[in-house]
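1. Sequence and predicted model, in that order:
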There are 2 protein chains.
Amino acid sequence: MEKITMDHGSGGKLSHKLIKEVVVKAFSNPSLNKLDDSAILNLSNLGGCTGRIAFTTDSYVVNPIFFPGGDIGMLAVNGTVNDLSMMGAIPLYLSASCIVEEGFPMPDFKKIIQSMKKASQQAGVYIVTGDLKVVEKGAADKMFVNTSGIGIVPKGVNLSAHNARRSDVIILSGSIADHGIAIINERNNLKLKGNLKTDSQPLNFLVKKMLGVSKNIHCLRDPTRGGLATTLNEIAESSGKGIEIDENRVPIKKKVSSSCEMLGFDPLYVANEGKLIAIVAEKDAKKVILAMKSTKQGRNAAIIGKVVQDKENKVILKTSIGGRRILDMMTGEQLPRIC
Amino acid sequence: MEKITMDHGSGGKLSHKLIKEVVVKAFSNPSLNKLDDSAILNLSNLGGCTGRIAFTTDSYVVNPIFFPGGDIGMLAVNGTVNDLSMMGAIPLYLSASCIVEEGFPMPDFKKIIQSMKKASQQAGVYIVTGDLKVVEKGAADKMFVNTSGIGIVPKGVNLSAHNARRSDVIILSGSIADHGIAIINERNNLKLKGNLKTDSQPLNFLVKKMLGVSKNIHCLRDPTRGGLATTLNEIAESSGKGIEIDENRVPIKKKVSSSCEMLGFDPLYVANEGKLIAIVAEKDAKKVILAMKSTKQGRNAAIIGKVVQDKENKVILKTSIGGRRILDMMTGEQLPRIC
């Protein structure tokens, strides 16, 4: 009998297959089928409501729940704020639902709630509804957090992974692989040095700045599970285009890069929690980069590649020694419970 | 060191204390602080959006995940549809987020997804966004499901547990304790007879009918975890009133009643998943009852008591032999993982 494997939850190839063939097939509707970071919902003419909202959900099962630079609570708040932001929505309201294992220390629970409070204040959102379930010892590993979120999509904003066009420029907001390496270092008590910590942060202010200077941003996406390579593949596939990336231009911290090398991880597949990829019309790339660099969240922004015509929707990496290799979606599960 | 206990997740007294003193205190905002079944959010003047929406979330950890009359999937869909309905909102969009244990049978996963599909079709809602996480064997018990939901609140509808007024009538839509007893029978393999099955069902059509005949429905609430007694206490406390209930008038199936007696459960504290309590102005009670009785979900509706003036916000049960006893909120956790 077929069973659910860790790989089904990796965010990589097998996750996509399961979600497309089982879940999307069953629930099929235009908002879901796009598989964007949030669903865009038109409220027009319903009980006096008008306008468009974005709606998203994520369950967090990160292990450990406390790690350098953050914890499961701030990760959950920032993650949902970012999924709304990637649609150009202004994040407004969050729900928070916790599943807690019996015997979980009350001080840790309070610490996580305080961390969610702080993160929501920093992002300027309100946690307006919630739920708490407790299960017997052994029925859940410490604590899981679900956050769902609602944002308003301003008029004229239409971002989607389906919108990449040929010759669009690919901008990355900062260094990759920080979150994944911080978690793996903490979980396995590797004691890697170099102030390795999560990059989890809210991206709504950065996005607002970007949308303020350009009407030609076609797609935003945060490269979380599966890393930069998987997210680029999602965009290429959804848009029916190819993508070329220049390895030399992808920002990565020295210490993170050497940790990846030591551990045998390809940083292009390691999770990020506070970075975004922007697909932007070439003519606006410079002013978008300038706007990004003026913010804390985007100060290391860089153009890393471009969208090309390609019927096979491949993502190609031009390596630092001049080679070209295909970057596929992540296969297998290299870093379980990373978020 | 203080620890989280099963009782913190019971939906009873200790849950309320933890939620009020830790969670609501931290996240404090007007929508959350009401602690209604959904948050009501005013979208006016935000990016061209207007109107009011309801927003709610629930995580489901029911054990077993398959039980007579349903499973965790339909329970999750109906539960969130009902939390929206209790605010008078028209449920529209749901999110679905699953945490699955490694090794979980794929056929069971597919069965649950199909069950969610069916339940969402029956309720007339769309599942528009989702998430899937897989954790290692032993890190979660089979499968947990979170559903969050959005509905539109029609103009003029203002329901809240804070709105009960003196001499309002209390209507119950049907028999109590069906869900809890069905779960406990299945979980413990008790083989109790009498077609014991969950009452999980969507209540949005019933609510629409009720709101169609009366503008004097002040509060709706579905008595889930903690049962009828706990929910009545929530309403009494939020409204600053007392409540008197007539034991003889509370509908309960014979087989459920005798099962409760045998197992030592008070049915007033046993969970329901497809029933509602309506607090209605006396003058409209008859027409509301008539409207309810015309529907499948409300055909056994009955007036079970009334709202009274009481500074101590007590819920009083007039027993079948003519006595009066105080019905407190549930203390302790009699039925863990009931939803």
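-> Received, thanks.
2. quick one, phi/psi of the closest residue in space to residue A:136 that isn't next to it in sequence?
-> For residue A:136, ignoring the flanking residues on the chain, the nearest one in space by Cβ to Cβ, 6 or more residues apart in numbering or on different chains is residue A:102 at 5.3 Å. Just so you know, the C-beta spots here come from the backbone N, C-alpha and C atoms, and that holds for glycine as well. Dihedral pair for residue A:102: phi -50, psi 140, per degrees, to the nearest 10.
3. Would you check that residue A:102 makes contact with residue B:61?
-> No. Counting by Cβ atoms under 8 Å, residue A:102 does not reach residue B:61; the two are 11.6 Å apart.
4. So for stretch A:265-275, first residue to last residue, what's the gap.
-> Stretch A:265-275 has its terminal residues 19 Å apart, counting by Cα to Cα, to the nearest Å.
5. and the longest strand seen in chain A with chain B, contact?
-> Across chain A, the longest stretch assigned as strand under DSSP state E is strand A:90-101. Yes. Applying Cβ under 8 Å from any Cβ of the partner chain, one finds strand A:90-101 touching chain B at A:90, A:92, A:93, A:95, A:96, A:97, A:98, A:99, A:100, A:101.
6. looking only at pLDDT, what's the mean for that strand?
-> Averaging pLDDT along strand A:90-101 gives 98.
7. May I have whichever helix or strand comes after that strand exported as PDB, CA atoms only?
-> Using DSSP states H and E, the helix or strand that follows strand A:90-101 towards the C-terminus is helix A:106-123. Provided in PDB are the C-alpha atoms of helix A:106-123 (Å, rounded to 0.1, in the frame of the first residue of the first chain):
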ATOM      1  CA  MET A 106       4.000  26.700  30.000                       C
ATOM      2  CA  PRO A 107       6.900  29.200  30.000                       C
ATOM      3  CA  ASP A 108       7.800  28.100  26.400                       C
ATOM      4  CA  PHE A 109       4.200  28.400  25.300                       C
ATOM      5  CA  LYS A 110       4.100  32.000  26.700                       C
ATOM      6  CA  LYS A 111       7.400  32.800  25.100                       C
ATOM      7  CA  ILE A 112       6.100  31.700  21.700                       C
ATOM      8  CA  ILE A 113       2.900  33.700  22.100                       C
ATOM      9  CA  GLN A 114       5.000  36.800  23.000                       C
ATOM     10  CA  SER A 115       7.100  36.100  20.000                       C
ATOM     11  CA  MET A 116       4.000  36.000  17.800                       C
ATOM     12  CA  LYS A 117       2.900  39.300  19.400                       C
ATOM     13  CA  LYS A 118       6.200  41.000  18.600                       C
ATOM     14  CA  ALA A 119       6.200  39.700  15.000                       C
ATOM     15  CA  SER A 120       2.700  40.800  14.300                       C
ATOM     16  CA  GLN A 121       3.400  44.200  15.700                       C
ATOM     17  CA  GLN A 122       6.500  44.500  13.500                       C
ATOM     18  CA  ALA A 123       4.600  43.500  10.400                       C
END
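8. next one: helix A:106-123 to chain centre, how far?
-> 21 Å (Cα atoms, centre = their mean, to the nearest Å).
9. Quick check: buried residues in that helix?
-> A:108, A:109, A:110, A:112, A:113, A:115, A:116, A:117, A:119, A:120, A:122, A:123 (16 or more other Cβ atoms under 10 Å in any protein chain shown).
10. Could you report the distance from residue A:61 to chain B?
-> 5 Å (Cβ to the nearest Cβ, to the nearest Å).
11. Surely that residue and residue A:338 touch.
-> No. Contact criterion Cβ under 8 Å: residue A:61 and residue A:338 do not qualify, at 9.2 Å.
12. Looking at residue A:102 and residue B:61, which has the bigger crowd around it?
-> residue B:61 (27 against 20; other Cβ atoms under 10 Å in any protein chain shown).
13. ok, back up a step: between the buried residues of helix A:106-123, which sits nearest residue B:76?
-> Closest approach to residue B:76 among these (Cβ to Cβ): residue A:116, at 22.6 Å.
14. how about the residues of the stretch 151-300 of chain A that lie near chain B?
-> So the stretch 151-300 of chain A meets chain B at A:152, A:153, A:154, A:155 (Cβ under 8 Å from any Cβ).
15. Grab the nearest non-local neighbour of the third one.
-> When you say that, I think you mean residue A:154. Nearest non-adjacent residue to residue A:154 (Cβ to Cβ, 6+ apart): residue B:47, at 4.3 Å.
16. For that neighbour, the count of nearby residues, please.
-> 18.
17. contacting residues for it?
-> A:51, A:90, A:152, A:153, A:154, A:155 (Cβ atoms under 8 Å, 6 or more residues apart in numbering or on different chains).
18. Do I have it right that the second one meets residue B:43?
-> No. The pair residue A:90 and residue B:43 fails to qualify as a contact (Cβ under 8 Å) at a distance of 11.2 Å.
19. which residues are common contacts for the two?
-> Counting by Cβ under 8 Å, 6+ apart, the residues touching both residue A:90 and residue B:43 are residue A:152.
20. quick one, helices of chain A?
-> A:13-18, A:25-27, A:30-33, A:72-85, A:106-123, A:178-187, A:204-213, A:227-239, A:254-263, A:285-293 (DSSP state H).
21. follow-up on the earlier one: could you tell me which residues touch both of residue A:102 and residue B:61?
-> Common neighbours of residue A:102 and residue B:61 are listed as A:135, A:139 (criterion: Cβ under 8 Å, 6+ apart).
22. Settle this for me: residue A:129 is touching residue B:32, isn't it.
-> Yes. Contact criterion Cβ under 8 Å: residue A:129 and residue B:32 qualify, at 6.6 Å.
23. Neighbour count: those two, which is higher?
-> residue A:129 (30 against 22).
24. Quickly note the distance from the more buried one to residue A:18.
-> Residue A:129 sits 29 Å away from residue A:18, going by Cβ to Cβ, to the nearest Å.
25. Low-confidence bits of chain A, can you list those?
-> A:45 (pLDDT under 70).
26. what's the closest of the helices of chain A to residue B:224?
-> helix A:106-123 (22.5 Å).
27. between the closest one and strand A:90-101, how big is the angle?
-> Between helix A:106-123 and strand A:90-101, the angle comes out at 170 degrees (axes from the mean of the first three to the mean of the last three Cα atoms, to 10 degrees).
28. what's helix A:106-123 in contact with?
-> Outside helix A:106-123, the residues within contact range by Cβ under 8 Å, 6+ apart are A:65-66, A:70-74, A:76-78, A:81, A:91, A:94, A:96, A:98, A:100, A:126-127, A:143, A:145, A:202, A:204, B:1-4, B:22-23, B:26-27.
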